[in-house]
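Undergrad: What follows is a predicted protein model with its sequence.
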Amino acid sequence: MFLFCSFANAQDLNFEDLENAPANSAYEGDIFSEDELASLDIVDALGDQKEAVEQARTRILTPPPLPKKEDRPKEFRAVVPKDTVITRLSDDKDFQISRRIQVWAQEIYPGSQTTHLLDKDMNPIFSARSVLVVPIEDDLKLTPSINPKITYDRRAGLKYSAFENELKLLVDFNWEFESIAPNFWNQVFNQEMDSARGERLTIRTFYNDQRLPLKIGISGSYQNAIASGDLFEIKWTSLFIGPQISYELWKNDDFQIELEAGAAKAFLSTARTLNEEYSPSSYEWGGAAKLAMDTRFGTFLGGIEYRTTHISLDQNTTETILSSQKESQSSASFSVGYRLGFNL
């Protein structure tokens, strides 16, 4: 009967009671007598049972073995960025690299999240996250294979060079409306004309290379102008051709502002009054500000331009007063136009 009661009392205890019970004889005496404790081997059995259950629930995971070297993906050259954490395989210790390094690397298997970093004998010594190991094989194929033991003399000629096969051009078509101060014609014909008006068709072609700060090109313009006084009228036409440069001052997604400058010489020039016809020679230079707006229908242009024209006339008639001191003429114009871009 005594053993049955002791067993019943022991069965009423659970694991929590055993764990939380104070390890002192006084407490043990409050539950069991000394005679009862001698027969409670079942308590030790319950403790052993609990330990066995906890060990059964604990599973120690071991990493799968690495594939054989011949079964792993091919080695490749890669760059590991600065501050990347790499792990030494020999002792599983982590390091943070202080600068970007170039290494030979190899994935554990295709698409693995961990990549091994190799030594000079192609043996893995470190590991890193695959996303931080950047392959550079394709980039290195773009550079020529140069022997580092050979000194190359650049003065001997360019062995490696590149050429642009396409000629990128921009062509601007502008229709200009000019207001001209006819100082030269007033001097030659002894007139007091206040102003003259003219129109121009201007075509400018630029080499469009984004590597250059300036666009370099050529300009051609055909001018048709007229000036008149009370009893006098003169009309003149000129074909100007000369170099032109353009600079992109400001740009956004919809439009850009450009500054242009150029000079030109009149290869064809005629002037007519009511009585005579003349062949003056002239050259000009000027600057312009242009707005280029990109639309679904192409690029439209608008701009203003200021020019100074120097004219020379050697023909002497009854209506001319030639002087060694020549006046120059200035003009301001407003233009509208359209831009085409194409490659040759």
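TA: Looks like it came in fine.
Undergrad: Start and end of stretch 128-135, how far apart?
TA: Chord length of stretch 128-135, first to last residue, is 13 Å (CA to CA, to the nearest Å).
Undergrad: The closest residue to Glu166 other than its chain neighbours: neighbour count?
TA: If the residues on either side of it in the chain are set aside, Glu166 comes closest to Asn343, at 4.3 Å by CB to CB, 6 or more residues apart in numbering. For glycine as for every other residue, the C-beta is placed from the backbone atoms N, C-alpha and C. Asn343 is flanked by 10 other residues according to other CB atoms under 10 Å.
Undergrad: and what of Pro182?
TA: Residues lying near Pro182 (other CB under 10 Å) number 26.
Undergrad: For Ser335, give its distance to Phe240.
TA: Per CB to CB, to the nearest Å, Ser335 is found 14 Å from Phe240.
Undergrad: Which one's more surrounded, these two?
TA: Phe240 (24 against 20).
Undergrad: I figured that one hits Ala264, correct?
TA: Yes: using CB atoms under 8 Å as the test, Phe240 is close enough to Ala264 to be in contact (3.8 Å).
Undergrad: overlap in contacts of those two?
TA: In terms of CB atoms under 8 Å, 6 or more residues apart in numbering, Phe240 and Ala264 are both contacted by the residues 219-221, 284.
Undergrad: Take these and write them to TSV, including pLDDT, secondary structure and distance to Asn252.
TA: Compiled in TSV, those are given as follows (pLDDT from 0 to 100; DSSP: H, G, I helix; E, B strand; the rest coil; distance: CB to CB, whole Å):
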residue	pLDDT	secondary structure	distance to Asn252
Ser219	97	strand	26
Gly220	97	strand	30
Ser221	97	strand	29
Glu284	97	strand	33
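Undergrad: and of those, the nearest to Leu259?
TA: Ser219 (14.3 Å; CB to CB).
Undergrad: and the closest one, what does it touch?
TA: Residues near Ser219 by CB under 8 Å, 6+ apart: 202-205, 240-244, 262, 264.
Undergrad: change it to 10 Å
TA: Ser219 makes contacts with 172, 174, 202-206, 240-245, 260, 262-264, 286, as judged by CB atoms under 10 Å, 6 or more residues apart in numbering.
Undergrad: Next step: those restricted to strands.
TA: Cross-referencing these against strands under DSSP state E gives 172, 174, 202-206, 240-245, 260, 262-264, 286.
Undergrad: From those, keep the buried residues only.
TA: For the ones in strands among the contacts of Ser219, a neighbour count by 16 or more other CB atoms under 10 Å gives the buried set as 172, 174, 202, 204-206, 240, 242, 244, 260, 262, 264, 286.
Undergrad: so the nearest residue to Asn174 once chain neighbours are set aside bridges to which residues?
TA: In space, and not counting its chain neighbours, Asn174 is closest to Gly337: 3.7 Å by CB to CB, 6+ apart. On the basis of DSSP bridges, Gly337 is bridged to Asn174, Leu301.
Undergrad: so who does the residue nearest to Asn190 when sequence neighbours are not counted touch?
TA: Of all residues beyond its chain neighbours, the one nearest Asn190 is Ile321 (5.3 Å), with distances taken as CB to CB, 6+ apart. Counting by CB under 10 Å, 6+ apart, Ile321 touches 187-190.
Undergrad: partner strands of the helix or strand hosting Tyr222, parallel or antiparallel?
TA: Using DSSP states H and E, Tyr222 falls within strand 214-228. Here strand 214-228 is paired, per DSSP bridges, with strand 196-207 (antiparallel), strand 233-251 (antiparallel).
Undergrad: how about it: buried residues?
TA: Quick answer for strand 214-228 (16+ other CB under 10 Å): 215, 217, 219-221, 223, 225-228.
Undergrad: ok, now stretch 312-321?
TA: Within stretch 312-321, the residues that qualify as buried are 313, 320, counting by 16+ other CB under 10 Å.
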